[in-house]
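>>> Sequence unavailable; structure follows:
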């Protein structure tokens, strides 16, 4: 296999704040430094790009020393939180903006879909827009003519093809736009979460098409999304970006689990507020022993979860409801107590949870009224596998629980 | 095994100043055609008179100029019928002015599309110039019609062989508008101050060009200034070729050609330099 894209030491700096008279003096200073053959005085400070903290230099490194390689035919998911640099990376790859330092080398034509319907003109008909949009994306007219029927068919807008697109429903608009891009004959396809719009059926169709592109036609796909399901479905490897740097690159499943583990990992939940209106609330939850970074358990360990409930007033009919969440925050199973006490202990029996990351969603439930106080997605713990019956299947995703079953 | 040699493209922070990307631009010629079509079609969509609207502006302007500068101010027109004299100036000037003003905001107007997809950016300003050519063509037909009317009426106009310079004149106006517009657009991506001056500046420039008066009547004190403006030579040649009056000489046309070439070349270089990063500052 040969490489399709090679990214070396890629960095991109952005200027924070507004551009105005204040930036002019800075520009002059930079220009003066360049004349004298010195480094740019405003690019020196290597700050970490954390959008929640204040910057000292007014410059932000949206990408910092990013290195990776993509093989031909790979489908790579690029994941990370908002502001991690995903879109910047795609923008540089699509040549919309250029890097501050570093370089990217690659092979083959790139088609990028950072937004659907770029360049669509509302007054023009669907037909005219297919040609215009196709040409903007880099297709020759003949190519578009050849694929025209296929595009219209994929979009499913045949009836409207001679109507101005301003009369289209937003769904139809997106369908048409994606259809044009999907039929581009390029070796590399770059897609930035554009599928969020459109109905489920169309989203499936797009994912299917993108799957065909990467698996069937052997083209390289780079895909940014916050929807881990589509990432898992489409991609075979993943790159996790945190604050502009690569945190993880490798298989898609491992990438997704590191993404989910970005949230602060604590095995303890405490609530020290005093509520006037709540007769009782969850004061503390912890898994295993107190003050351990994150509990790790082998699948044959019992897991002890302790609850401290602050009961200021007896509430009749209240109990504790505990849900175990998997790493996609989906509910795995639930445990319900009979009554509410100020100290409660719950034991999860061994040999039940498949390796992976779990957390707890607990609330005090009042029958026929609803939850009084809740703690959602707290107390992360990890189950390790060493010798479960299915351990030999390695990384394969075989669910979250081991069931009691028998073959007859 | 050296893998690097297999790659066929490279993205870096620097590029050569003289890499004009003209090959790239040529690859996208179909886009150029489609963009021109888009501009033309979207202009008169949902109108009843359609492309006829292209006539309205120069016609009204001619009437206005004839009244204000011809009748009220009584500025000489070298013995040419006033409407014809003004129309020749207006038709040519409008083409240049439109090219310049539209091109000068190309980054701002297309920030959205430029920020989302890559194609050789040069296509955009070139498409503006070509779209305006269509408009100019329509207005030129109006001028021809008026000219034929006056010929038929026996007015003293003498179209001559210099009419053959017409294609060159169009090329010069297009290149000048494009080049100057691109320089301005490149300078206004970060600081917009200059953009606010453009509309006003173009109007001012019109009075420094021989649109409303013939070069022969310009006062000796300012004549050098008016002649330094390359548009003067272009418009004078245009009038001379079609109407037989005006101050034409090869030297000033040569000068205009030289200035235009320099401005266009500088425009493309500056434009290409700014194009790489303007998305971050526009």
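Received, thanks. All values reported here derive from a predicted model rather than from experimental measurement.
>>> now stretch B:213-223, how far from the chain's geometric center?
Distance of stretch B:213-223 from the chain centroid (CA atoms, centre = their mean, to the nearest Å) equals 23 Å.
>>> how about that stretch: buried residues?
Neighbour-count burial for stretch B:213-223 flags B:213-215, B:218 (criterion: 16 or more other CB atoms under 10 Å in any protein chain shown). Backbone N, C-alpha and C define where each C-beta goes, glycine included.
>>> residues in contact with the closest residue to chain B within the stretch 301-408 of chain A?
Of all residues in the stretch 301-408 of chain A, residue A:395 sits closest to chain B, at 28.6 Å by CB to the nearest CB. Each residue near residue A:395 by CB atoms under 8 Å, 6 or more residues apart in numbering or on different chains is listed here: A:251, A:253-254.
>>> quick one: least confident helix or strand in chain B?
Lowest by mean pLDDT, DSSP states H and E among the helices and strands of chain B is helix B:278-281, with a mean of 75.
>>> Name the residues of that one that come out as buried.
For helix B:278-281, by 16+ other CB under 10 Å, it's B:278-280.
>>> can you narrow those residues to ones near chain A?
Contacts with chain A within the buried residues of helix B:278-281, counted by CB under 8 Å from any CB of the partner chain: B:279-280.
>>> Relative to chain A, which of the buried residues of helix B:278-281 is nearest.
In terms of CB to the nearest CB, no member of the buried residues of helix B:278-281 lies closer to chain A than residue B:279, at 4.6 Å.
>>> wait, the closest one sits on residue A:88?
No - using CB atoms under 8 Å, residue B:279 makes no contact with residue A:88, being 10.6 Å away.
>>> what do those two both touch?
residue A:97.
>>> on that earlier part again, just the buried subset of the contacts of residue A:395, please.
When these are checked for burial by 16+ other CB under 10 Å, the buried set is residue A:253.
>>> touching chain A at all, the longest helix along chain B?
In chain B, taking DSSP state H as the definition, the longest helix is helix B:123-152. No - contact of helix B:123-152 with chain A (CB under 8 Å from any CB) is absent, the minimum separation being 9.2 Å.
>>> and if you look at stretch B:22-31?
Yes - using CB under 8 Å from any CB, stretch B:22-31 reaches chain A at B:28, B:30-31.
>>> Could you list the residues in contact with that stretch?
A:132, A:135-136, A:138-141, B:119-120, B:122-123, B:126-127.
>>> run the last query once more with 10 Å
A:119, A:131-132, A:134-144, B:21, B:32, B:34-35, B:118-124, B:126-127, B:268 (CB atoms under 10 Å, 6 or more residues apart in numbering or on different chains).
>>> Next, the buried residues of stretch B:160-177.
Quick answer for stretch B:160-177 (16+ other CB under 10 Å): B:162, B:165, B:169-170, B:172-177.
>>> Just want the most central residue of chain A.
Geometric centre of chain A, nearest residue: residue A:226, 3.2 Å, by CA atoms, centre = their mean.
>>> which residue packs closest to that residue, ignoring adjacent ones?
residue A:193 (6.4 Å; CB to CB, 6 or more residues apart in numbering or on different chains).
>>> The one you found: neighbour count?
For residue A:193, the neighbour count with other CB atoms under 10 Å in any protein chain shown is 19.
>>> ok, it - contacts?
A:78, A:86-87, A:90, A:113-115, A:223-227, A:230.
>>> quick one: which of the residues you listed has the most company?
Most neighbours among the contacts of residue A:193, by other CB under 10 Å: residue A:78, with 29 neighbours.
>>> Helix or strand next in line after the helix or strand that one falls within, which one?
If you go by DSSP states H and E, residue A:78 is part of strand A:75-79. The first helix or strand that comes after strand A:75-79 along the chain, using DSSP H and E, is helix A:86-93.
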